[in-house]
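>>> pasting the sequence and the predicted coordinates here, then a few questions.
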Amino acid sequence: MQKLRFLLFPFTIVYIIITMFRNWLYKVNIKRGFKFSIPVINIGNLSVGGTGKTPHTEYLIKLLKDSHHLATLSRGYGRKEFGFKIADNETTSRQIGDEPLQFYKKFGEDITVAVESDRVKGVMDVCYAKENTDLVLLDDAYQHRAIQPGFNILLTDYNRPFYTDYVLPVGDLRELRSGKNRADIIIMTKCGDFEDLNKTELIKKIGPNSNQSVFFSKVVYGDVYELNSFEIVEKPKKNIILVTGIAKPNPLLKYLKKSYNVLEHCKFTDHYRFKEKDIDDISNLLIKFAELDPIIITTEKDAMRLIGSEFESKVNQQPWFYQTITVELNDKEKFDKLILDYVQENRRDY
């Protein structure tokens, strides 16, 4: 497949020229990025999907929410509505997207969860709607140059780091590898045991500038929750049907196989919008494997697209569960200090 993508190399040249010209316009201030008077932290990547933005954003939320009036701002990928919106108890993923809804369901009124494709307008709107907002986390705005974050966090997947990848459509990069120079922190995500990493060699390949810090993170699988009640399940049944609509489901599949008998893996594309036929097909698998008394496990992000859907009642009558994940950083104290220092030094005095 990768060899076939190299046939698209002429299109990659055109894409590179366009993105280089666009970035040059901002570099020489022909086009200006808007900067705000409150701390704005961006969590993004150079590649298309699958680097772990959601759990890293949640890490930052947990770090900062108790001491700040924090807002998250996403474009709301995959939503069916347009314009600025703040999540509330009636909001569905069709209105704001699955990842923002996950933030709201997990943190509720402790934070403000907003969506707007125009990030500059979004920050202004959220500060107008929630006047006490003193910190904004931008979800996936690394290439959104119209806004100038105070602090950029760049994520890159250990299994396919940016320095081995190519620009679209030959590879998965949204811009040249040199785009990493805009980051304040670079995190290599989805690593295995930290002790097994050759950090010195990996940092050398990343090639950070003198003002950049490099960290490593790994996925930590958490509890399994019942989708209907949102309650932790202590001892889920052993036989499962796995349903995923994420970019890279294989690590989850590998993890679940250690504890479960995976009867079937229903694999959909990233941010897939489930249809009633899909739910019916999955229901038929419950019948097919009835003698094994299976349950259905999906990801937390996928679960958000089932909540408030037209077939929610059908899902609630079936044994649907979701697997949660968090991230662990190799040098948590240093990372936390860098974030907290930036926020403290740039907070607005009232």
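Okay, I see it.
>>> counting neighbours, what do you get for residue 144?
For residue 144, the neighbour count with other CB atoms under 10 Å is 19. In short, each C-beta sits where N, CA and C put it, glycine included.
>>> now swap in residue 232 and tell me
Neighbours of residue 232 (other CB under 10 Å): 11.
>>> now for it: which residues touch it?
Listed by CB atoms under 8 Å, 6 or more residues apart in numbering, the contact set of residue 232 reads 223-225.
>>> next one: residue 112
Residue 112 touches 69-72, 86, 126, 129-130, 133, counting by CB under 8 Å, 6+ apart.
>>> swap the cut-off to 7 Å and go again
By CB atoms under 7 Å, 6 or more residues apart in numbering, the residues touching residue 112 are 71, 86, 126, 130, 133.
>>> ok so, going back, what's the PyMOL syntax to select whichever of the contacts of residue 232 are buried?
PyMOL command restricting the contacts of residue 232 to the buried ones, with burial defined by 16 or more other CB atoms under 10 Å:
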select buried, resi 224+225
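>>> which one of the contacts of residue 232 is nearest residue 252?
For the contacts of residue 232, the residue nearest residue 252 by CB to CB is residue 224; the value is 11.9 Å.
>>> which element is residue 106 on?
Per DSSP states H and E: residue 106 is located in helix 98-107.
>>> repeat that for residue 17.
Secondary structure (DSSP H and E) places residue 17 in helix 9-27.
>>> run the chain-centre distance for that helix.
Put simply, helix 9-27 sits 25 Å off its chain's centre (CA atoms, centre = their mean, to the nearest Å).
>>> residues in contact with it?
Taking CB under 7 Å, 6+ apart as the rule, helix 9-27 contacts 31, 33, 145, 166-170, 175-176.
>>> what residues sit buried inside that helix?
Buried, per 16+ other CB under 10 Å, within helix 9-27: 12, 15-16, 19, 23.
>>> one step back: what is the most widely separated pair among the contacts of helix 9-27?
Most distant of the contacts of helix 9-27, by CB to CB, are 33 and 170, 28.2 Å apart.
>>> neighbour count winner among these two?
residue 170 (20 against 13).
>>> what separation is there between residue 131 and residue 284?
52 Å (CB to CB, to the nearest Å).
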